[in-house]
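Novice: need a 3D model of the sequence below.
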Amino acid sequence: MLHKQLLAEAISKSRLLALITAVNSCGGLLTVLQAYYLALSINAVFLEGAAVSAITNWLAILAAVILCRSIVVWWGDILAHRLALTIQTELRQRLLQHLLALGPVMVSRQPSGSMVNLLTEGIENLEPYFARYLPQIITSALIPLFILLFVFYQDMIAALLLLLTAPLIPFFMVLIGKAAEKLNKKQWEKLSYLSSHFLDVLQGLTTLKVFGRSKEQAAVIARMSDDFRDTTLQVLRVAFLSALALELIATISTALVAVTVGLKLLFGDLVFTQAFFVLLLAPEYYLPLRLLGTHFHAGMAGAAAAEQIYRILAIPVLSAGGPQEPFPRQSSISLSFDSVSYSYQTSGEWALKGLEFAIRSGERVAVVGESGAGKTTIANLLLRFIRPNAGAIKINDRLLDELSCEDWLRHVAYVPQAPHLFSGTIADNIAFGGSYSREAVAEAAKQAGAHAFIEQLPQGYQTIVGEGGRSLSGGERQRLAIARAFLLDAPLILLDEATASLDPYSENVISIALEKLFQGRTVIIIAHRLSTISRADRIIVLEQGQVAEIGKHDELIKRDGVYSRLVTAFRGVQ
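Specialist: Numbering: from 1, shown residues only. This is a model prediction of the structure:
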């Protein structure tokens with residue numbers, strides 16, 4: 001049972017695969033030579049009474065054949081593992097690049113734990129498939145064929161017995177393998193689900209502790225682990241059953257050949273050399289098929305992981321929409337949304353529907369609306385994470401879809417509500433967008449109001465922050481994100497309300513830094529707080545993916561429309 005896509009991966013490495021085939025073929029010929037010279041030597045010494053010195057040449061050849069066979073087997077293993085490693089590395093790179101190309105919107109729909117498990121354990125499960133199972137298929141096709149040809153020349157009946165009994169091994173292997181294939185898929189699904197749930201528990205540990213549900217989740221993980229263990233044991237039971245069946249068939253078949261050869265030797269239809277030669281080759285004939293059965297279950301584990309890998313690779317990547325034109329550095333940015341519609345669902349539930357508005361260069365615009373009104377979708381469209389289903393976004397009177405994505409993103413400084421910091425130094429996290437001097441990094445930190453707290457850290461700018469910046473407070477992480485924006489010096493600032501969940505001191509420091517950042521730049525603020533909204537040049541009010549109102553704070557309040565209701569509701573919860 002071959003996985004078509006994995007087989008295509010191996011065929012793409014045709015030279016290496018051809019070399020493995022050639023090496024395995026040499027192994028088959030050396031097996032026949034070893035049996036032949038061993039039969040000659042034993043016949044000469046024990047039946048013909050020849051002295052050992054008389055067969056020195058045969059023994060030397062036999063020793064050389066054994067040595068060469070050992071080298072060939074070793075070399076074949078090296079080549080097979082090289083094939084596996086090459087394909088694993090390329091698949092991991094392709095999967096990672098595909099996930100990056102899909103972008104955060106598409107990737108967020110996949111369980112994080114499952115993705116991590118796929119990139120690590122899933123790719124590693126392919127190693128037995130390419131290093132053992134696939135080469136063994138080649139070996140099982142070539143070596144028995146070589147042996148059969150030589151046996152046929154020596155004893156036709158023994159050759160027919162080998163030919164008739166050999167198919168029984170792959171038959172039972174496939175028969176038992178169908179049950180094993182379902183169990184392997186079930187095992188992989190349970191492992192992926194366990195990984196996702198465990199990561200979810202770790203990320204939500206604070207919430208679990210607060211609500212006193214941590215012990216309950218520990219029991220859930222224990223139960224899931226038990227389910228995974230039981231499924232793994234079921235796979236092992238089938239594997240052991242398969243091994244028993246294949247060994248039994250091979251042993252009985254070898255015994256039948258031995259009985260046939262013995263009888264013909266007894267009645268003088270075969271000489272000892274021929275009979276012993278055939279008897280030595282019989283176990284070697286079944287050995288590749290038995291080993292194929294042994295590696296079959298490891299191959300099925302790889303095939304189960306491959307199903308998930310190629311499922312992710314089959315998710316279509318966001319199309320560029322046409323030729324990508326260079327977008328030279330712009331000193332200012334103006335933009336417009338012309339009848340823009342977008343749906344996250346194929347069912348046609350619109351996140352944005354016919355959205356129309358324009359933002360002038362240097363203008364500060366707040367985008368407000370209830371949850372689900374389409375604010376985040378606007379940010380995702382401008383960041384090129386998604387493309388409109390209809391309509392057009394224009395940047396300085398040029399279509400955004402036609403601009404080089406890399407060039408465009410150099411013009412956008414995005415400051416999210418919950419910025420992500422990577423494990424590394426403070427300086428590396430600030431300079432994440434490119435190569436900058438220490439002086440430039442320090443100046444950006446000063447403008448962001450971050451320099452003072454950085455200087456108080458044990459190693460200053462070289463202090464290592466943990467994954468996600470867990471060693472820093474929310475306000476400190478936010479200031480580092482603003483420092484990134486200062487360093488990038490982009491003409492367009494896209495801000496997802498950066499002070500929504502901060503203490504008054506941090507909010508004040510960040511507000512001052514943002515005022516500096518906004519100077520001379522076009523600013524789009526996805527706003528949640530009234531203090532931010534009221535300072536905007538204009539406010540775009542969204543309702544169900546459409547523009548409900550546009551105007552200044554005072555104007556919109558007087559209209560007593562959607563915006564007025566939002567402000568009243570906001571004041572009501574203060």
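Novice: going forward, measure contacts between C-alpha atoms and count neighbours the same way
Specialist: OK.
Novice: assumed residue 548 was part of a strand.
Specialist: Yes: counting by DSSP: H, G, I helix; E, B strand; the rest coil, residue 548 is found in a strand.
Novice: may I have stretch 34-52 as PDB, with CA atoms only?
Specialist: Output in PDB follows, covering the C-alpha atoms of stretch 34-52 (Å, rounded to 0.1, in the frame of the first residue of the first chain):
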ATOM      1  CA  GLN A  34      27.100 -16.100  -0.900                       C
ATOM      2  CA  ALA A  35      24.800 -19.100  -1.000                       C
ATOM      3  CA  TYR A  36      26.500 -20.600  -4.000                       C
ATOM      4  CA  TYR A  37      30.100 -20.500  -2.700                       C
ATOM      5  CA  LEU A  38      29.000 -21.700   0.800                       C
ATOM      6  CA  ALA A  39      27.200 -24.700  -0.900                       C
ATOM      7  CA  LEU A  40      30.400 -25.400  -3.000                       C
ATOM      8  CA  SER A  41      32.700 -25.200   0.100                       C
ATOM      9  CA  ILE A  42      30.500 -27.400   2.300                       C
ATOM     10  CA  ASN A  43      30.000 -30.000  -0.400                       C
ATOM     11  CA  ALA A  44      33.800 -30.100  -1.100                       C
ATOM     12  CA  VAL A  45      34.900 -30.500   2.500                       C
ATOM     13  CA  PHE A  46      32.200 -32.700   4.000                       C
ATOM     14  CA  LEU A  47      31.100 -34.900   1.100                       C
ATOM     15  CA  GLU A  48      34.100 -35.000  -1.200                       C
ATOM     16  CA  GLY A  49      36.700 -35.000   1.500                       C
ATOM     17  CA  ALA A  50      38.700 -32.100   0.200                       C
ATOM     18  CA  ALA A  51      41.200 -30.400   2.400                       C
ATOM     19  CA  VAL A  52      40.400 -26.800   3.600                       C
END
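Novice: in that stretch, which residues are buried?
Specialist: By neighbour count on 16 or more other CA atoms under 10 Å, the buried set for stretch 34-52 is 34, 35, 36, 37, 38, 39, 40, 41, 42, 43, 44.
Novice: contacts for it?
Specialist: Applying CA atoms under 8 Å, 6 or more residues apart in numbering, the external contacts of stretch 34-52 come out as 55, 58-59, 61-62, 65-66, 272-274, 276-277, 280-281.
Novice: any chance you could map the strands in the stretch 251-400 of the chain?
Specialist: Taking DSSP state E, counting those that start in this stretch, the strands of the stretch 251-400 of the chain run over residues 335-343, 350-359, 364-369, 390-395, 398-399.
Novice: can you list the strands that the third one pairs with?
Specialist: In other words, strand 364-369. Sheet pairing for strand 364-369, assigned by DSSP bridges, gives strand 522-526 (parallel), strand 538-543 (parallel).
Novice: of the buried residues of stretch 34-52, which is the nearest to residue 537?
Specialist: Residue 537 lies nearest to residue 34 out of these, by CA to CA, at 89.4 Å.
Novice: ok, the residue nearest in space to the middle of the chain - contacts?
Specialist: Centroid-nearest residue in the chain, with CA atoms, centre = their mean: residue 119, separated by 3.5 Å. By CA under 8 Å, 6+ apart, the contact set of residue 119 is 92, 95, 96.
Novice: among those, which are in strands?
Specialist: Assigned to strands by DSSP state E, none of the contacts of residue 119 qualify.
Novice: TSV for those, including pLDDT?
Specialist: Converted to TSV, these look like this (pLDDT from 0 to 100):
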residue	pLDDT
92	90
95	89
96	86
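Novice: make a markdown table from those residues and add neighbour count and distance to residue 144 to it.
Specialist: Output for those, formatted as a markdown table (neighbours: other CA atoms under 10 Å; distance: CA to CA, whole Å):
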| residue | neighbour count | distance to residue 144 |
| --- | --- | --- |
| 92 | 18 | 35 |
| 95 | 20 | 38 |
| 96 | 15 | 41 |
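Novice: let me know the closest of these to residue 15.
Specialist: Closest to residue 15, out of all of the contacts of residue 119 and judged by CA to CA, is residue 92, at 21.3 Å.
Novice: residues contacting that closest one?
Specialist: 119, 123.
Novice: hang on, the earlier thing: let's see which of the contacts of residue 119 end up in helices.
Specialist: 92, 95, 96 (DSSP state H).
Novice: just put those in a markdown table and tack on distance to residue 505.
Specialist: Shown next, in a markdown table, are those (distance: CA to CA, whole Å):
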| residue | distance to residue 505 |
| --- | --- |
| 92 | 45 |
| 95 | 44 |
| 96 | 40 |
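Novice: show the average pLDDT along stretch 72-83.
Specialist: On average, the pLDDT along stretch 72-83 is 93.
Novice: buried ones in that stretch, by neighbour count?
Specialist: 72, 76, 77, 79, 80, 81, 82, 83.
Novice: can I get it in CSV, CA atoms only?
Specialist: Extracted C-alpha coordinates of stretch 72-83, given in CSV (Å, rounded to 0.1, in the frame of the first residue of the first chain):
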residue,chain,number,x,y,z
VAL,A,72,26.1,-2.9,0.6
VAL,A,73,23.5,-3.2,3.4
TRP,A,74,25.2,-0.5,5.4
TRP,A,75,25.4,1.8,2.3
GLY,A,76,21.8,1.1,1.4
ASP,A,77,20.7,2.1,4.9
ILE,A,78,22.8,5.3,4.7
LEU,A,79,21.2,6.2,1.3
ALA,A,80,17.7,5.4,2.6
HIS,A,81,18.1,7.6,5.6
ARG,A,82,19.6,10.4,3.4
LEU,A,83,16.5,10.1,1.2
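Novice: residue 115 and residue 199: what is the separation?
Specialist: Going from residue 115 to residue 199 by CA to CA, to the nearest Å gives 11 Å.
Novice: residue 122 too?
Specialist: 17 Å.
Novice: okay, now the domains of the protein?
Specialist: Residue ranges for the domains of the chain, per automatic domain parsing: 15-313, 335-572.
Novice: and of the ones you listed, who's closest to residue 3?
Specialist: Counting by CA to CA, residue 3 lies closest to domain 15-313 out of the domains of the chain; the figure is 6.3 Å.
Novice: regarding residue 434, what is its secondary structure?
Specialist: coil.
Novice: pLDDT wise, what is the nearest residue in space to residue 379 that is not next to it in sequence at?
Specialist: Counting by CA to CA, 6 or more residues apart in numbering, residue 494 is the residue found nearest to residue 379 once chain neighbours are left out, at 7.3 Å. Looking at residue 494, its pLDDT stands at 92.
Novice: helix, strand, or coil at residue 494?
Specialist: Relying on three-state DSSP, one would call residue 494 strand.
Novice: tell me what the helix or strand hosting residue 480 is packed against?
Specialist: Using DSSP states H and E, residue 480 falls within helix 474-488. For helix 474-488, the packing partners by 3 or more CA pairs under 8 Å, 6 or more residues apart in numbering; DSSP states H and E come out as strand 412-415, helix 426-430, helix 438-447, helix 504-518.
Novice: okay, buried residues for the first one please.
Specialist: Spelled out, it's strand 412-415. 412, 413, 414, 415.
Novice: ok, the residue nearest to the first one when sequence neighbours are not counted - contacts?
Specialist: On the basis of CA to CA, 6+ apart, the spatially nearest residue to residue 412 that is not a chain neighbour turns out to be residue 492, at 4.9 Å. Shown here is residue 492, whose contacts under the criterion CA under 8 Å, 6+ apart are 332, 333, 411, 412, 413, 521, 522, 523, 524.
Novice: these, buried ones only, as a PyMOL selection?
Specialist: The following PyMOL line selects those of the contacts of residue 492 that are buried, judged by 16+ other CA under 10 Å:
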select buried, resi 332+333+411+412+413+521+522+523+524
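Novice: and the contacts of residue 492 as CSV, adding pLDDT?
Specialist: As requested, the contacts of residue 492 are exported to CSV (pLDDT from 0 to 100):
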residue, pLDDT
332, 91
333, 93
411, 92
412, 92
413, 90
521, 92
522, 93
523, 92
524, 92
